[in-house]
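Trainee: Predicted model, plus sequence, below.
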Amino acid sequence: MAYKIMVQGTMSNAGKSLIVTGLARLFAREGYKTAPFKSQNMALNSFITEDGFEIGRAQAVQAEAAGIKPEVYMNPVLLKPVSEMGSQVIVNGKAVCNMKAKDYFEYKKKLVPDIMRALDYLENKFDIIVIEGAGSPAEINLRDNDIVNMGLAEMAGSPVLLAGDIDRGGVFAQLYGTIALLREDERKRIKGLLINKFRGDKSILAPGLEMLEEKCGKPVFGVIPYVNVDIDDEDSLSGRFSVRKSAGVIDIAVIKLPKISNFTDFGVFENFEGVSLRYVDRTPDLKEPDMVFIPGTKNTIKDLMWIRQNGIEAAVKKLNSNGCVIFGICGGYQMLGNIISDPGGMEENGMARGMGFINIDTVFNGEKKTVQVSGHFGRVNGIFTGLSGMEYKGYEIHMGHTEGKRQQCIDISGSSSNIYGSYIHGLFDNGDIAYTMVKALAERKNADISGIKKFNYMEYKEQQYDLLADTIRDNVDMDSIRKCMGM
């Protein structure tokens, strides 16, 4: 059976996902076959495995860091919010139904056999499993039906590390308060504390750490410094959205939809010198970008209405009439068409007029398409004609079936008016696709492109995983962690 270690946090966004990613990378570099595991994830960023199953994007990233292919067993339950009160429930990689939070609370105990089957599979295939919790284990109102924090640790027989985020303040109260609210048997599972995202001189923390260990009865295994590592974010808690950037030589705006999903599609553009990537949710903030991305969404009709009502649709059309490129991905692609209808209420009951850029119609039905795709672009018109014939790969995740005057869904759709759309997530991650697009935008405006260089995005991500692993190795007592794992 595999060795196990679980990372829980005092709250959401305490850094659990990154700590698990770094530990997975560390153990993999030491020669252990290592897998991530999160029994239940709630996120709008997801990934499709080679065999067509949908899992949380964070678990795909963690698997990549460990040097293995993502599998559905790494995240057997995924919740994708479709409204303020409910989510689409995905079990073993396939959508089961939409469910209100209260109903899911009663239902989730039935998922324990699926969770344990997934964990058993990983235990028999890998040497080490690094498990990630969700939110906080001290949500005492949820304890009875817990399947992702202490409830899972008990079922899995896993020791626990508890991480707190010092960057937001109050880390000592976070850690002490969390432990105080746990049952005695749960406290015993916590083997050590981690303080995450520290900035400054660690010696200043020494008196606090000593008192924390005394009050909690738990050792502090490490103080992890704040590290500027570029790794895909878990969900919409991402700090990327709050960064206010000025326009670069090439300025790209991403519409920050209320139910935005898979915004990690655009991260590659942030790595080109002179290119700014901004997330925009107000019409005045659009300004005059060279390209606007309309991203994926978990509620296409509702987010389309939001775009229309707050004036962004009109602003986007005006920008396009002045030459701005508009590019829709997945739900954003559907919005560019003529009609979107959802007669069965898969996301949002009803029908909506699209933006009318591309001659396509989309109908939501009961079948969710989840598949990896690859191929070569056909003839691409407009400014991105340089993409014609280039190789691509990625994955599709969508409910709607789209028909009309369009190329195959594995190809990019385009027109001479510089309107583009694709169902493919991860489209820009591979090869020279993003570089070709940025170069074309720069050449059109006679901008200096000397600083825009090709780079290998996959190699860049590998460097980021190593940076994270090195940071954890240098600042965490790994010997104590291995000991509590029984290694």
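Mentor: Done, it's in.
Trainee: counting contacts, what elements does the helix ranked longest in the chain pack onto?
Mentor: Scanning the chain for the helix with the most residues, using DSSP state H, yields helix 457-475. In terms of contacts (3 or more Cβ pairs under 8 Å, 6 or more residues apart in numbering; DSSP states H and E), helix 457-475 is packed against helix 16-29, helix 57-65, strand 220-225. (C-beta placed from N, C-alpha, C; glycine too.)
Trainee: One more pass at 6 Å, please.
Mentor: helix 16-29 (3 or more Cβ pairs under 6 Å, 6 or more residues apart in numbering; DSSP states H and E).
Trainee: what angle do the helix it packs on and helix 57-65 make?
Mentor: Relative orientation of helix 16-29 and helix 57-65, computed by axes from the mean of the first three to the mean of the last three Cα atoms, to 10 degrees: 20 degrees.
Trainee: before we move on, the earlier item: buried residues, the longest helix of the chain. List them.
Mentor: 457, 461, 464-469, 471-473, 475 (16 or more other Cβ atoms under 10 Å).
Trainee: List just the nearest of those residues to Asp185.
Mentor: Distance to Asp185, by Cβ to Cβ, is smallest for Ile472 among those, at 28.2 Å.
Trainee: ok, the closest one to Lys461 distance?
Mentor: Remark: distance between Ile472 and Lys461 (Cβ to Cβ, to the nearest Å) = 17 Å.
Trainee: Same check on Val254?
Mentor: Plainly put, Val254 is 20 Å away from Lys461 if you go by Cβ to Cβ.
Trainee: now do His401
Mentor: 33 Å.
Trainee: pLDDT at the residue lying closest to Lys100 once chain neighbours are set aside, what is it?
Mentor: Distance criterion Cβ to Cβ, 6 or more residues apart in numbering; nearest residue to Lys100, sequence neighbours excluded, is Gly86 at 4.4 Å. Gly86 is assigned 85 on the pLDDT scale.
Trainee: same thing with the one 3 residues further on?
Mentor: Here, the pLDDT recorded for Val89 equals 96.
Trainee: Wasn't it part of a helix?
Mentor: No - counting by DSSP: H, G, I helix; E, B strand; the rest coil, Val89 falls outside a helix, being strand.
Trainee: so it bridges to which residues?
Mentor: Leu79, Cys97 (DSSP bridges).
Trainee: tally of neighbours for it?
Mentor: 20 (other Cβ atoms under 10 Å).
Trainee: That one is in contact with Val96, isn't it?
Mentor: Yes - using Cβ atoms under 6 Å, Val89 and Val96 qualify as a contacting pair, with a distance of 4.8 Å.
Trainee: immediately after the host helix or strand of Lys369, which helix or strand?
Mentor: Using DSSP states H and E, Lys369 falls within strand 360-376. Counting by DSSP H and E, the next helix or strand C-terminal to strand 360-376 is strand 391-404.
Trainee: what packs against that next one?
Mentor: Short answer (3+ Cβ pairs under 6 Å, 6+ apart): strand 391-404 packs on strand 360-376.
Trainee: which secondary structure elements does the strand it packs on contact?
Mentor: If you count contacts as 3+ Cβ pairs under 6 Å, 6+ apart, strand 360-376 packs onto strand 339-342, strand 391-404.
Trainee: Lowest mean pLDDT across the ones you listed, which one is that?
Mentor: strand 391-404 (a mean of 88).
Trainee: Can you mark which positions in that one are buried?
Mentor: Buried residues in strand 391-404 (16+ other Cβ under 10 Å): 392, 394-400, 402.
Trainee: Looking at the residues you listed, which is nearest Ile140?
Mentor: Looking across the buried residues of strand 391-404 and measuring by Cβ to Cβ, the closest to Ile140 is Ile397, at 34.7 Å.
Trainee: Just give the nearest non-adjacent residue to Ile196, would you?
Mentor: For residue 196 the amino acid is Asn, not Ile. Gly15 (4.1 Å).
Trainee: just to revisit the earlier point, pull the residues that contact the next helix or strand after the longest helix of the chain.
Mentor: Next along the chain after helix 457-475, taking DSSP H and E as the criterion, comes helix 478-485. Contact partners of helix 478-485, identified using Cβ atoms under 6 Å, 6 or more residues apart in numbering, comprise 3, 5, 159, 191, 221.
Trainee: now those residues in JSON lines, with pLDDT, neighbour count and distance to Asn310?
Mentor: Output for these, formatted as JSON lines (pLDDT from 0 to 100; neighbours: other Cβ atoms under 10 Å; distance: Cβ to Cβ, whole Å):
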{"residue": "Tyr3", "pLDDT": "98", "neighbour count": "19", "distance to Asn310": "51"}
{"residue": "Ile5", "pLDDT": "98", "neighbour count": "23", "distance to Asn310": "45"}
{"residue": "Pro159", "pLDDT": "98", "neighbour count": "21", "distance to Asn310": "48"}
{"residue": "Lys191", "pLDDT": "98", "neighbour count": "20", "distance to Asn310": "49"}
{"residue": "Phe221", "pLDDT": "98", "neighbour count": "22", "distance to Asn310": "47"}
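Trainee: Okay, now the unreliable bits of the stretch 201-350 of the chain?
Mentor: Along the stretch 201-350 of the chain, segments meeting pLDDT under 70 span 233-245.
Trainee: need the helices for it, in chain order.
Mentor: Secondary structure of the stretch 201-350 of the chain (DSSP state H, counting those that start in this stretch): helices located at 206-216, 283-286, 300-309, 312-321, 331-335.
Trainee: what's the answer for the stretch 1-150 of the chain, then?
Mentor: According to DSSP H, counting those that start in this stretch, the helices that the stretch 1-150 of the chain contains are 16-29, 57-65, 101-107, 112-125, 150-156.
Trainee: Out of these, which gets the lowest mean score?
Mentor: Here the helices of the stretch 1-150 of the chain differ in mean pLDDT, and the lowest is helix 101-107 at a mean of 91.
Trainee: roughly how far apart are Lys461 and Ile260?
Mentor: 21 Å.
Trainee: same question, Tyr107
Mentor: In terms of Cβ to Cβ, Tyr107 sits 27 Å off from Ile260.
Trainee: more neighbours, the two?
Mentor: Legend: neighbour count by other Cβ under 10 Å for Tyr107 and Ile260, higher for Ile260 (25 against 14).
Trainee: Can you tell me the closest non-neighbouring residue to that one?
Mentor: Ile260's closest residue in space is Pro295 (Cβ to Cβ, 6+ apart), at 5.4 Å.
Trainee: Tell me if I'm right that that neighbour and Gln334 touch.
Mentor: No - checked against Cβ under 6 Å, the pair Pro295 and Gln334 is beyond contact range at 11.6 Å.
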